[in-house]
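Asks: Okay, here's the prediction I keep looking at, along with the sequence it came from:
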Amino acid sequence: MTDQGISPTHESGPETISAALPAGTTIHAWIKASHGGARGRLSAHVDGKPAGAVETSNPHEFEFRRLTLESGGETAFTYDPAAADVSLVYAFSQPRVLDEGIRLLHVRPSNAAPDITGGYHFRPPFGWMNDPNGFGRFDGRVHLFYQHYPHSLRWNNMHWGHAVSEDYLRWTHLPIFLPPSDEIAARADGRGGAFSGSAIALEGAGVRIFFTEHIKDREPEEQVQFTATSRDLVTVKPAHLILPERPAGLGLTTDFRDPYVFPGPDGKWKMLLGTRDREGGVILLYETDDPAAAVGWTFLGMLHRENRFGMTAAECPCMVPLDGPVNEPMTRWALIFGLLTSRDPATGRRNMTLATIGRFDGRAFSVEFEQELDFGTDAYAFQAFVDGSGPVGIAWLANWTDISKEIDMPTAMTLPRRLALRQGALITPPVTGVESLRQRRLDAHGLLDGRSVDLADGCVEILLTLQEAGNAFHLAFDHPEAAVAVQLTDDGLSIHFSVTNAKASPIYIAAGARPSTIRLFLDAGSIEVFADDGRWTGTKRLPGFKGISSMRLSAPEGNVRAAEIWQLGL
């Protein structure tokens, strides 16, 4: 993978990565020794003059090294592949990185982002990604941290990646924010790392993050909670331990993770943590009197339990007010969490995400109703925060049931979504401004006439308006690796998905749904369905890295009143 102005050399002998870089440029490089006993070295020269070098003797995992160029000019980074392996090299200007982001200079084929035509969902610039972390607005910009392994397209020891946006849709990639501890980073053995968490604003400027450190088979606790701060929103200070153990006497498993910190109605900082016991998933509640949320965390009790799906772990909890201010007793809150290993016996869907709505006084949560967050189930690890007039959330566009050691994933985040109450239900439509992705209107007459409609690169938005709520239709899509369709029948709204020679697919259905409008977003690797402004939302990851090429609509005459198709792009 190359960037403008970069000319890697691939001849025998030393490898060279070349780029024109200004004085003061910061370089982040990840290197390892090719074999034990020899040091791996990456050297920099500017206009032919030595400009520094970094090295490592670790042959087991890529180690992070930092270099600052005192002078600018034509820069060459060289290494001997017989002695060193280089995973990543990127450059940035420290004073301007929040505006300009990083410039990727080198990545290997094994951790390069897939070559996808078009595409408008958030994807990492390299490596593996899963849960969103620390999603929030800090110092005027929206920041997204995320679970990240930079050195391959497979899950391994967890880092936090980082990106920033002005509009939730167009993202600037920033330097890797939080690496694993030195103990974990020494080997690529998947023992743990900086697992999921959240972030709050620091007084004045900057951010405080909270995360779980996981070390497999550590005694007595595999998972403990840390906090750390960053004033410049780019570099993080050393973390310190805040919760070294699970609450005693509750029969909890070693699951104890994903701290979500938020302001409570009593003016105190609250923290949710996910766990499980022998009956099912459990969400724990903590609080602190410390205005900085740095110390003094105390356990208040179990906030919520979900035991209908067996001994499944509640994880990635979040909690946001929906219809009023935090300190108003009548405000309703949404408690959202994933259920790892859960299985719906009626449909066969796995790893579901539930949204429980009720009132929260800072210590107890009074449930009023519950609904599934996404009937497609591929909006996992959902995290939200209140931004201005209401909450906004984002999720990992995937599901752990799809993960294997053999298949590369078109890993992405969902479109960010608003959360609100409407007519006794939680709605989750895409964020305001998603219309800015529209580049041109495509001809939809053929769709209404029942003809096949070409979708070019498959990055499109489709709007269907039904003559009456619940009118039946069937929208079939042409995909190179799967049979895909969206349909509305008397049973409800569903996404049909199956792969040839694969085991039977679950039934992805919003049972009983009778919407009037259907809004679909297609991209390489995904389909998102928003019916009646997100009253019913379904997200499904699609295999491979190619988009849907065409579609055909079937419906009784007069059922579909209008259709629009828009080509989308960043």
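Replies: Right, received. Where do you want to start?
Asks: any idea how far the residue nearest to A398 when sequence neighbours are not counted lies from R187?
Replies: Spatially, and ignoring its direct neighbours in sequence, A398 is nearest to R541 (5.2 Å; CB to CB, 6 or more residues apart in numbering). Glycine gets a C-beta too; all of them are placed from N, C-alpha and C. According to CB to CB, to the nearest Å, R541 and R187 sit 30 Å apart.
Asks: How about E368?
Replies: When E368 is compared with R187 (using CB to CB), they lie 48 Å apart.
Asks: Between those two, tell me which one has more neighbours.
Replies: Comparing E368 with R187 by other CB atoms under 10 Å, the one with more neighbours is R187, at 14 against 11.
Asks: how many neighbours does the closest residue to the more buried one other than its chain neighbours have?
Replies: Excluding its sequence neighbours, the residue lying closest to R187 (CB to CB, 6+ apart) is H60, at 4.5 Å. Applying other CB under 10 Å, we find 13 residues neighbouring H60.
Asks: Next: the one 3 residues further on.
Replies: Neighbours of E63 under the rule other CB under 10 Å: 21.
Asks: Return the set of residues that bridge with it.
Replies: Under DSSP bridges, the beta-bridge partners of E63 are I31.
Asks: Could you tell me which residues make contact with it?
Replies: Contact partners of E63, counting by CB atoms under 8 Å, 6 or more residues apart in numbering, are W30, I31, K32, T56, A185.
Asks: so what's the fourth one up against?
Replies: Just to be clear, that refers to T56. So, once contact is read as CB under 8 Å, 6+ apart, T56 ends up touching I31, K32, A33, R39, G40, E63, R65, A84.
Asks: Least confident of the residues you listed?
Replies: The member of the contacts of T56 with the lowest pLDDT is R39, at 90.
Asks: and it, how many neighbours?
Replies: The burial count for R39: 14, using other CB under 10 Å.
Asks: before we move on, what about G338?
Replies: 29.
Asks: How about the helix or strand hosting it, which residues are buried there?
Replies: Assigned by DSSP states H and E, G338 belongs to strand 332-340. Across strand 332-340, burial judged by 16 or more other CB atoms under 10 Å covers R332, W333, A334, L335, I336, F337, G338, L339, L340.
Asks: and the next element down the chain from the helix or strand harbouring M302?
Replies: Per DSSP H and E: M302 is located in strand 298-306. Once strand 298-306 ends, the next helix or strand along the chain (criterion: DSSP H and E) is strand 313-321.
Asks: how far out from the middle of the chain is the helix or strand that contains N130?
Replies: N130 is part of strand 128-138 when elements are defined by DSSP H and E. Distance of strand 128-138 from the chain centroid (CA atoms, centre = their mean, to the nearest Å) equals 6 Å.
Asks: Note down every partner strand of it and its orientation.
Replies: Strand pairing for strand 128-138, determined by DSSP bridges: strand 141-149 (antiparallel).
Asks: Mind listing what's buried along the strand it pairs with?
Replies: V142, H143, L144, F145, Y146, Q147, H148, Y149.
Asks: Against G190, how distant is the first one?
Replies: Relative to G190, V142 is positioned 31 Å away (criterion: CB to CB).
Asks: With the fifth one instead?
Replies: With distances taken as CB to CB, Y146 is found 18 Å from G190.
Asks: Walk me through the domains of this structure.
Replies: With domains defined by automatic domain parsing, the chain comprises 15-107, 128-427, 434-568.
Asks: for the ones you listed, which one sits closest to G119?
Replies: Taking CB to CB, domain 434-568 is the member of the domains of the chain nearest to G119, at 5.3 Å.
Asks: How far away from the center of its chain is the closest one?
Replies: That offset, for domain 434-568, works out to 23 Å (CA atoms, centre = their mean).
Asks: cool, and stretch 210-227?
Replies: Counting by CA atoms, centre = their mean, stretch 210-227 comes out at 21 Å from the chain centroid.
Asks: go on, stretch 71-89?
Replies: Distance of stretch 71-89 from the chain centroid (CA atoms, centre = their mean) equals 31 Å.
Asks: Quote the end-to-end distance of stretch 402-414.
Replies: 16 Å (CA to CA, to the nearest Å).
Asks: Stretch 122-140 too?
Replies: Per CA to CA, stretch 122-140 runs 20 Å from first to last residue.
Asks: Could you list the buried residues of it?
Replies: Buried residues in stretch 122-140 (16+ other CB under 10 Å): 122-139.
Asks: do the same with stretch 482-495
Replies: Buried, per 16+ other CB under 10 Å, within stretch 482-495: A482, V484, A485, V486, Q487, L488, G492, L493, S494, I495.
Asks: Could you tell me the per-residue confidence at the residue nearest to A398?
Replies: Reading off the model, R541 has pLDDT 93.
Asks: just to revisit the earlier point, can I get the CA coordinates of the strand holding G338 in CSV?
Replies: Extracted as CSV, the C-alpha positions of strand 332-340 are listed here (Å, rounded to 0.1, in the frame of the first residue of the first chain):
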residue,chain,number,x,y,z
ARG,A,332,-36.6,8.1,30.6
TRP,A,333,-33.2,6.4,30.0
ALA,A,334,-32.1,3.7,27.6
LEU,A,335,-29.9,1.0,29.0
ILE,A,336,-28.4,-0.8,26.0
PHE,A,337,-26.1,-3.9,26.2
GLY,A,338,-25.0,-6.9,24.2
LEU,A,339,-25.5,-10.5,25.2
LEU,A,340,-22.4,-12.5,24.2
